[in-house]
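[1] structure for the following, please:
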Amino acid sequence: MTVHVDALDDADGLRVRDTAEGEQFPLYADRALDPTPASTDPFTMPVDAAVAVEARELRLPVFTNVIFWQDGEVVHRADSAETADPLPRGTYEVDFSPPGAKVYVYVEDATVTPGFGDNRAAIHTESPTRMVVGVRSHHETPAGTVTTTEDPRDLMAAVSTFGSALKTHSPDRSWPTLRGHPPAIRRGDELDVPEEVAPPETGVRIEVPPEHGAIYTVSPLAYYLAASVEPGTRPRVIADGQSFDLDADDLAGSVRSVLEHVFTLDCVVRMAGVYPFRTATADRIEERVDLDYEQLFELSLAERTAAYMDVPRSATDGLLDWHYTADVAADPAYAAALPYLVDELALVRSPAQQSGHVDLTPSPNALRDADTGDGALARSAASTSTEPNTFVVPAEAGTPGQSWLADGHAVGAANPTVGSFRRGFAWPDGDGELDVHVVYNDARLRQGDPSLYDSHPFRETNIRVSHGLSVTELREALYEEVDFLHFVGHVTDDGMVCPDGTLDTRTLAKTGVKAFFLNGCRSYEQGRALLTAGSIGGVVTVDDVMDEAAETAGETFATLLGAGFPLYAILDVLGRTGTRMDRYTILGDGTFAARQSQTGAVLLHSLDTAEIAGATGAWPITIRHYPYGLEGIGSIVSYSHTDTPADVYSASVRETTLPEAARGALFDESNILLLVDGEVHFTDDLSVEQFR
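    Residues are numbered from 1 along each chain as shown. Predicted coordinates:
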């Protein structure tokens, strides 16, 4: 049992803890509660644990949609005060879920009313009523491991098992919570497919030449279509007896087009199922094409796929923007990484595509230059080599997230290993605080504000700050079990600089640091050593960085990480602050996040004061989206303050407006991130008056 529900110690309500995910959140009530274990049988949806309480109100400290079920069907969905009408007396199952878990409340024979206020969601009854609260963990891991040889035909059999992880073959699989993790892959002497992950028989297959690059490229499409992958003379999708060719000269582009097309259609057709939620995407697609949602929903997967392929691509073009691309070398060594990329529904390009290389040459002794008083202290020290480091520049992918799994080290992208993917399942180990250790190892460097890591309203953060650690002390800090280490100091070719010498992390056999930011010059090799010693990943520099720029990057990083942004989103936002993105890169999984965001969806609002100055009435505002994990592409995102209707969550950029009447509410709200003229702020640190 990973889910625990107890009474709050310091308020009236419940504390929900998910030890598998390391998440916890409060569920407030109008009175003190005495939860007692209850049966999970009344719930239509699966739950891991349930408790019964008596209350008149249950209240989440975040905004969320409130969905009412009766007899397994949605009867009402409230997403604002305008839709918060009382429901007739009856028995309801209420989907009332914050980001950390799925929460359902079973209410029998009562009049139930949803409520919204101060960016909070609640349900009320007329009088104290018995309510059963059920909770389901989001925890997901591979259900089994497939062994494959280096023979491409065996790899095809392994990739054909990916569809076994889908929890439904209906259009509802476009919801990220209904897409399970594909089976893991390992190389061996013979093919072995465990029974529990046997390929589903859907009647959909993808034919490609038996080559590693082609198989890698079609793997996300094979997963989403639950298709078998088989040898063929030309690449094509076969469904319901019909054949649809893929472009052999641009297989990656062709696969992307098909995946985006069928996925977008699923996100609209699923309205005919048990989740009849209308979105702006549905409005736009209906301007382009006439579809019979009910008929399409009831078709088999093969029949529906064939029907989708007959819908013109122009009907879905540009409606959803993809979030992640992985460049993968056409080499058997990278087969084991596929399930982790496909789980994120990342696009795969194989062979890996690059636009060139960049040579980064060590600067002169930055410490000695700084002593001359020019004030531009760099976070490096005397280099033992003047040889340039060469990095790969991946080709533009058209997605905010990108990974590189091929020869060389990439800039501006994630550089994961299979080990870093696997270690991500161990994050975090329990339900305690997030432990952050900030190490300042040179008093002359700007230090920043470590409290920025402690910005999450539900998850406690234990921040420890150290100054001037010796070689021995820094080594011990790297051995200690800690969730996150932020190093501010000098780095040389020989290692991380300490007052009494230099610590080379390449001499460490292991590390207890789960994730890191090494904010010193040219820290790539030191971070790479931490990754191979047991870390999940982090951010490093590949060239010299001046102290002022590094301080800005460090504070922005701390703010975003503490707010729940994944690493790829942090890198993207850093680029929007004016940070030189040829200086920073990710080691490990680019979709790693230290915690979930307050609202689940990772959003960045942007304002330009020059545009505001010239605007009358509503302010122009931009909203960027960064899907990942269980709050991934295909969710629904609602907006509290802007003139933006609910829509399918993707990496799309929304150009919208902030009405004058909503400005005060936005700036009164806490933990909403706002990019103003290239600087990241929380809205509650700003005010409307500052923009006048």
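[2] check which element follows the longest helix along the chain along the chain.
    Using DSSP state H to define each element, the chain has its longest helix at helix 251-269. Next helix or strand after helix 251-269 toward the C-terminus (DSSP states H and E): helix 280-286.
[3] may I see the buried residues of that following helix?
    Buried residues in helix 280-286, defined by neighbour count with 16 or more other CB atoms under 10 Å: 281-282, 284-285. Heads up, the C-betas are built off the backbone N, CA and C, glycines and all.
[4] show me what the next helix or strand along the chain from it is packed against.
    With elements assigned by DSSP H and E, the helix or strand that comes after helix 280-286 is helix 293-298. With contacts taken as 3 or more CB pairs under 8 Å, 6 or more residues apart in numbering; DSSP states H and E, helix 293-298 sits against helix 251-269, helix 301-309.
[5] quick one: the longest one to chain centroid distance?
    When C-alpha coordinates are averaged (CA atoms, centre = their mean, to the nearest Å), helix 251-269 and its chain have centres 20 Å apart.
[6] who are the packing partners of the lengthiest strand in the chain?
    Taking DSSP state E as the criterion, the chain has its longest strand at strand 120-136. Contacts defined by 3+ CB pairs under 8 Å, 6+ apart place strand 120-136 against strand 3-7, strand 13-18, strand 49-60, strand 102-110, strand 112-117.
[7] partners of that strand, with directions?
    strand 49-60 (antiparallel), strand 102-110 (antiparallel), strand 112-117 (antiparallel) (DSSP bridges).
[8] would you mind writing the CA trace of the first one as CSV?
    Yep, that's strand 49-60 we're talking about. The C-alpha trace of strand 49-60 is given here as CSV (Å, rounded to 0.1, in the frame of the first residue of the first chain):
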residue,chain,number,x,y,z
ALA,A,49,-7.3,3.1,-0.7
ALA,A,50,-10.5,4.6,0.8
VAL,A,51,-11.6,6.2,4.0
ALA,A,52,-15.0,7.4,5.3
VAL,A,53,-15.6,10.8,6.9
GLU,A,54,-18.6,12.9,7.9
ALA,A,55,-18.4,16.4,6.6
ARG,A,56,-20.4,19.2,4.9
GLU,A,57,-17.5,20.4,2.8
LEU,A,58,-14.3,19.1,1.3
ARG,A,59,-12.0,21.6,-0.2
LEU,A,60,-8.8,21.4,-2.2
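[9] quick one: buried residues of that strand?
    Buried residues in strand 49-60 (16+ other CB under 10 Å): 49-53, 55-60.
[10] which one of the buried residues of helix 280-286 sits closest to Leu508?
    Using CB to CB, Thr281 is the member of these that lies nearest Leu508, at 48.6 Å.
[11] and Asp109, how many neighbours does it have?
    Neighbour count for Asp109, taken as other CB atoms under 10 Å: 10.
[12] could you check the pLDDT of it?
    Asp109 carries a pLDDT value of 92.
[13] the domain parsing of this protein - what is it?
    Segmentation of the chain into domains, based on automatic domain parsing, reads 3-136, 145-324+334-343, 416-588, 603-691.
[14] mind checking which of those domains is nearest Val392?
    Across these, closest to Val392 is domain 416-588 (CB to CB), at 10.1 Å.
[15] for that closest one, measure first residue to last.
    By CA to CA, to the nearest Å, the extent of domain 416-588 from end to end equals 4 Å.
[16] chain center to it: distance?
    19 Å.
[17] where does the prediction get shaky in the stretch 451-600 of the chain?
    Applying pLDDT under 70 to the stretch 451-600 of the chain flags residues 455-459.
[18] all strands of it, in order?
    461-467, 482-488, 491-492, 495-498, 501-503, 513-519, 537-541, 584-588 (DSSP state E, counting those that start in this stretch).
[19] next SSE downstream of the helix or strand of the chain with the lowest mean pLDDT?
    Every helix and strand of the chain was ranked by mean pLDDT, DSSP states H and E. The lowest is helix 366-370, at a mean of 40. Per DSSP H and E, the first helix or strand lying C-terminal to helix 366-370 is strand 389-394.
[20] quick check: angle from the longest helix of the chain to helix 301-309?
    100 degrees (axes from the mean of the first three to the mean of the last three CA atoms, to 10 degrees).
[21] for helix 251-269, packing partners?
    Helix 251-269 sits against helix 212-224, helix 280-286, helix 293-298, helix 301-309, strand 347-349, with contacts defined as 3+ CB pairs under 8 Å, 6+ apart.
[22] okay, now Lys472: neighbour count?
    If you look again at residue 472, you'll see it is Thr, not Lys. For Thr472, using other CB under 10 Å, the count is 12.
[23] from Val491, how far out is it?
    Thr472 sits at a distance of 18 Å from Val491 (criterion: CB to CB, to the nearest Å).
[24] swap in Glu303?
    From Glu303 to Val491 the distance is 58 Å (CB to CB).
[25] can you pull the pLDDT of Gly678?
    Gly678 is assigned a predicted lDDT (pLDDT) of 89.
[26] mind listing what it touches?
    576-578 (CB atoms under 8 Å, 6 or more residues apart in numbering).
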